[in-house]
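Peer 1: starting from these lines, generate the structure:
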Amino acid sequence: MSTRFQRRIPEGEDRERLICGDCGFIAYENPKIVVGAVVGEGGRVLLCRRAIEPRRGFWTLPAGYLEMGETVEEGAAREAWEEARAKLALEGILGVYSIARIGQVQVIFRARLAEPGFAPGPESLEVRLFEWGEIPWDEIAFPSVRWALAAWREGRAAVAGNPPEDARGMAGL
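Peer 2: Predicted structure coming up:
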């Protein structure tokens, strides 16, 4: 019995898919969902220095992949705990970004600390609150972190979409 998947266009569709050569099963490849938060506290923002690749040693928001069975809110809270040992009070969606070049949709919340304290989790080397002028911009891990920080700083209502200069999230690091 062969379990070889082949890339071809299924009947009635307009793009290539992975199709099982034996049974015809179509394995759809869909974007991954990333959830996270810009955590503001007393005018400062919480950032995590990554202990893992990609971009180890660079600063990011507490964020990561949504797990099966989670809501986006539960995922954002879990990621903040895993990366920053922080318990959050989510205050609504800050932005939804599309990173087409790597197949991600990012749902970023506006949040504050629900309880005092934070510390590096296993995926972070360091966790720190930064005043706006102290943010290490040359060491920010991903373009979407910049977008979310700018939306937070400007106090915008939820942003649905990328900035015009990178509408499809195709710019590299």
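
Peer 1: beta partners for the residue positioned nearest the centre of the chain?
Peer 2: Central residue of the chain (C-alpha atoms, centre = their mean): V34, 3.7 Å from the mean position. Assessed by DSSP bridges, V34 has beta-bridge partners Y65, Q106.

Peer 1: give the buried residues for the longest helix anywhere in the chain.
Peer 2: In terms of residue count, the longest helix belonging to the chain (DSSP state H) is helix 72-84. Applying a neighbour-count criterion of 16 or more other C-beta atoms under 10 Å, one finds V72, E73, G75, A76, A77, R78, E79, A80, E82, E83, A84 buried in helix 72-84. C-beta: built from backbone N, CA, C; applies to glycine.

Peer 1: what does stretch 55-68 give?
Peer 2: Neighbour-count burial for stretch 55-68 [16+ other C-beta under 10 Å]: R55, F58, W59, T60, L61, P62, A63, G64, L66.

Peer 1: TSV for the residues you listed, including secondary structure and distance to G117?
Peer 2: Listed next are the buried residues of stretch 55-68 as TSV, based on DSSP: H, G, I helix; E, B strand; the rest coil; distance: C-beta to C-beta, whole Å:
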residue	secondary structure	distance to G117
R55	coil	26
F58	coil	24
W59	strand	20
T60	strand	20
L61	coil	18
P62	coil	14
A63	strand	19
G64	strand	20
L66	coil	25
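
Peer 1: my guess is G57 contacts P136. True?
Peer 2: No: with contacts counted by C-beta atoms under 8 Å, G57 stays clear of P136, the gap being 10.8 Å.

Peer 1: and P164, how close does it get to L149?
Peer 2: 17 Å (C-beta to C-beta, to the nearest Å).

Peer 1: the bottom helix or strand of the chain by mean pLDDT?
Peer 2: strand 159-160 (a mean of 70; mean pLDDT, DSSP states H and E).
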